[in-house]
Structure formats: C-alpha cells, structure tokens
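Q: Generate a structure from the sequence data that follows.
(chains A, B, C and D)
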Number of protein chains: 2
Amino acid sequence: MELHHPERSEIELPAVLHALSDPHRLEIVRRLAENSEPRPCGSFGFDISKSTMTHHFRTLREAGVIRQERQGTSKLTELRRDDLDVMYPGLLDAVLSSKSVPA
Amino acid sequence: MELHHPERSEIELPAVLHALSDPHRLEIVRRLAENSEPRPCGSFGFDISKSTMTHHFRTLREAGVIRQERQGTSKLTELRRDDLDVMYPGLLDAVLSSKSVPA
DNA sequence: CACAAAGTTCGATAGTTATCGTACAAACAC
DNA sequence: GTGTTTGTACGATAACTATCGAACTTTGTG
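A: Residues are numbered from 1 along each chain as shown, chains lettered A, B, ... in the order given. Here you go, the predicted structure:
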C-alpha cells in the first residue's frame, strides 16, 4: 500500500489537534521528539494490539504529524517537526513541554 | 443546573486538544481571544442549532478552555487564558496565531 | 524452499460525537 | 399575569473512533 503524506501546506490544524488528543498518540509523539532517530513502529512498548497501533500511526501520518518510510521489514517513523514548526510555530513545543502522562 | 469548571490543575492536555480539534469550537475560541470581553453564547453567528451550540460550549467548559457565568437571561463566556497559559504555556498562542478557517 | 518478523487489511463491536427538533426552565419586560 | 429571550434537557440518529483477533503481505534469514 502507498503511504500518503499530506504536503506541508495541507496540514490542517484541527486534524493535528485531533491526532494529538489521544493519550497513546500523544505519548508516541513525545517519544519521537525525545529521540529524534527514526524508529520502527514496534519499538513503543504499548500494551495494545498491532492493528490498533497501525490505526494510531495512520491517524498521525494522515494528519501530517509523522513521516513514515518502509525500511526492510519494518517501517521507520519520524516526527515532521520541520513542517509543523513552519505551519504552526510553537505548537509542538507547547505540547511537548507539558508533563508526560503514562499512556 | 450547576456549571462545572475543572480546577486549573485538573485541566488535561488531551481534553484541551480534543476540545480545540473541532472547527466550530476552534472558531469560538478565536473570537473569544480577539475580543476579550465576556460575551453571550448566542453572539456567534453560527449556522447550527442552539442545542448543538450548548453541546460545544459544554465541551469547551468541561475541558477547562472557557469559563461561563450566568448573567440574567444569557450566559457570559470568556477564555480561561490565564489558567491555560500556566498549565500549557504557549499552547493557546500557537493555536491562535495560525490563520482562521471559516467554520 | 520454509520460516520468522513487522505491519496491514478486514470485519466486528462497543463507545463517543456532532447534529437536530421539541419541549422545558429561568430571567426579564410589559 | 403574558410574552420574549436565552439557553438547557432529552431523545434520536448517523457518523466516527478505539479496540480487538484472525488472516494476509512483504521482507529478510536460514
């Protein structure tokens, strides 16, 4: 399947806010921000099923929050910090600077 | 009915992000920010029903984004900018500084 | 080739949400 | 009192969402 990523200019604020409003997805974004190396989806030790993880990653990707790329049998994920900082300056920093809550 | 407002320390980030992720509610918050006078709920010319407006204002209030107070037959609404700026510094500014989209 | 690893797709389900119309309540004006 | 204004409560409904398990695909490894 093709991975659809919105262009920078197509990243919509309500979609970004909605993507970040789920505790699991918020935690994913926090961890991606702490460790800026792209990392596979499976490297988050959440206690939820693989198909649910797929759903959350797709939500983040389609909102323009993350970028995903196939790499062998896994899929590397990184934060679209550059694009988000241009479109919505300060938003990601504000979200990330608040205390983390266990997912 | 009693109006429940969360304490400042009880304002949860996912709830705030969710409250702001709806285009109607985002527009309400933008207008409250532009004109800092408390204003009645009916003073937003949205083309949605009164009961839906009640729903959106309740969502914003229970998330801790707005404060509401009865004043005669109407109800005055104002942004909880002080509390939001303490709990999540920069968040509201980042959201408000992005271009407005018609609801 | 067979097998393992990492994700996706496909229902299914239970819960939430945005919307409406109608009926109701509270405060005010007359 | 009768209305008027402003908003709430109550169903109802259609759409969306978070979750799962089972089957599948793709890539790499032996």
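Q: what secondary structure does the residue of chain A found nearest DNA strand D sit in?
A: Across chain A, the shortest distance to DNA strand D (C-beta to the nearest atom of the strand) belongs to A:Ser51, at 3.1 Å. Quick note: C-beta positions are derived from backbone N, CA and C, even for glycine. At A:Ser51 the chain is in helix, as set by DSSP: H, G, I helix; E, B strand; the rest coil.
Q: pLDDT value on it, please?
A: According to the prediction, A:Ser51 has pLDDT 96.
Q: what residue lies at the spatial centre of chain A?
A: Nearest residue to the geometric centre of chain A (C-alpha atoms, centre = their mean): A:Ile66, 4.0 Å.
Q: burial measure for the residue of chain A closest to DNA strand D, as a count.
A: Using other C-beta atoms under 10 Å in any protein chain shown, the number of residues around A:Ser51 comes to 7.
Q: For A:Phe57, see how far away it is.
A: Relative to A:Phe57, A:Ser51 is positioned 11 Å away (C-beta to C-beta, to the nearest Å).
Q: Next, show the common contact partners of the two.
A: Common contacts of A:Ser51 and A:Phe57, defined by C-beta atoms under 8 Å, 6 or more residues apart in numbering or on different chains, are absent altogether.
Q: Identify the residues contacting the nearest residue to A:Leu13 once chain neighbours are set aside.
A: Nearest residue to A:Leu13, sequence neighbours excluded (C-beta to C-beta, 6 or more residues apart in numbering or on different chains): B:Ser98, at 5.5 Å. Residues in contact with B:Ser98, defined by C-beta under 8 Å, 6+ apart, are A:13, A:87-88, A:91.
Q: go on, A:Pro14?
A: By C-beta under 8 Å, 6+ apart, A:Pro14 lies in contact with B:20-23, B:26.
Q: Touching, the residue nearest to the centre of chain A and A:Leu76? I think so.
A: No - between A:Ile66 and A:Leu76 there is no contact under C-beta atoms under 8 Å: 10.1 Å.
Q: what's the lowest-mean-pLDDT helix or strand in chain A in contact with?
A: The helix or strand of chain A with the lowest confidence, counting by mean pLDDT, DSSP states H and E, is strand A:39-40 at a mean of 86. By C-beta under 8 Å, 6+ apart, the residues outside strand A:39-40 that reach it are A:32, A:71, A:74-78.
Q: What about those residues, which are in helices?
A: Counted as lying in helices by DSSP state H, out of the contacts of strand A:39-40, are A:Leu32.
Q: Need the contacts of strand A:39-40 in a markdown table (columns: distance to chain B).
A: Putting these into a markdown table (distance: C-beta to the nearest C-beta, whole Å) gives the following:
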| residue | distance to chain B |
| --- | --- |
| A:Leu32 | 17 |
| A:Gln71 | 30 |
| A:Ser74 | 28 |
| A:Lys75 | 25 |
| A:Leu76 | 26 |
| A:Thr77 | 20 |
| A:Glu78 | 21 |
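Q: Could you restrict the contacts of strand A:39-40 to the ones contacting DNA strand C?
A: Counting by C-beta under 7 Å from any atom of the strand, A:74-75 from these sit close to DNA strand C.
Q: Among the contacts of strand A:39-40, which are located in strands?
A: Using DSSP state E, the members of the contacts of strand A:39-40 that fall within strands are A:71, A:74-78.
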